[in-house]
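Q: Sequence first, predicted model second:
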Amino acid sequence: MTPSTEIQSYDFEAAQIRETGLELATQAEALVIHDDVTDAGAKFVLAIVTKGLKQAKARHDEVKAEPLAKCNAIDAAFNDAYEPFKTAKDTIGKKTGVYHKAKIDADEAARREAERIEREAFVARAKAEAEAAAAVKRGEEPAPAPVQVAPPAVIPVVQAVVKTEAGTVGMVKHRDYKVVDEAKIPRAYWILDTARIAKWYRDGGDVPGCEEEITYSPRTH
């Protein structure tokens, strides 16, 4: 049998604990509370359930303590070994990200400049043609045609994917944000601090826009 399917000694113990839990769950389902006597009986069962669950968890911790300590030691050793790899990956990632963004920005700037030059050339051609047409209409010799201005070459985007024997590395675009004016952020994007409100009510306070809600639950000692 493989280690994942091999029956362990604690499997039998856990199965017995589960059977006890199932019996208590059946009793809980059958409980009907209609007076003080049945309420007291339900609380008696609850005390048994709470004690049994506490014992089961304690046994669970006891059984796994030794292997867990070994796993923690292994994790600590390998987590320490990972650190320089993580540092190298983060460093290279940041540098390539900065370079890639600079190339993208340069390409976009070049594209905008080419469009600007093309627009200006179009306006100049239209103006020259209009002036030539007006000159012909007046019987004058038209001016020579304007020289066509070619837009500058667009800077090619940096290679997005690099294939190597060690693996393939590609660039992924991430959209993030930075807050520049909190006053303009819509209310829907503000997080409601429900934990703080709950604590305030537990301490006896009230919060505008909220309404007190009372519920009861048993507590075992």
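A: Great, that's in hand.
Q: Confirm residue 163 sits in a strand?
A: Yes. The assignment for residue 163 by DSSP: H, G, I helix; E, B strand; the rest coil puts it in a strand.
Q: now the helices: where do they sit in the protein?
A: Here the chain has its helices, by DSSP state H, at 9-30, 36-138, 194-202.
Q: Which residues outside the shortest one are in contact with it?
A: If I follow you right, that is helix 194-202. With contact meaning C-beta atoms under 8 Å, 6 or more residues apart in numbering, helix 194-202 is reached by 206, 207, 210, 212. (Each C-beta comes from the backbone N, C-alpha and C, glycine too.)
Q: Closest one of those residues to residue 221?
A: residue 212 (26.5 Å; C-beta to C-beta).
Q: Phi first, then psi, for the closest one.
A: Main-chain torsions, residue 212, degrees, to the nearest 10: phi -60, psi 140.
Q: so it touches residue 206, yeah?
A: Yes. Using C-beta atoms under 8 Å, residue 212 is in contact with residue 206, at 6.9 Å.
Q: hang on, the earlier thing: among the helices of the chain, show the one with the smallest mean pLDDT.
A: Mean pLDDT values for the helices of the chain show the minimum at helix 36-138, a mean of 91.
Q: ok now it, how far from the chain's centre?
A: Relative to its chain's centre, helix 36-138 lies at 6 Å (C-alpha atoms, centre = their mean, to the nearest Å).
Q: how big is the angle separating it from helix 9-30?
A: For helix 36-138 against helix 9-30, the angle by axes from the mean of the first three to the mean of the last three C-alpha atoms, to 10 degrees is 100 degrees.
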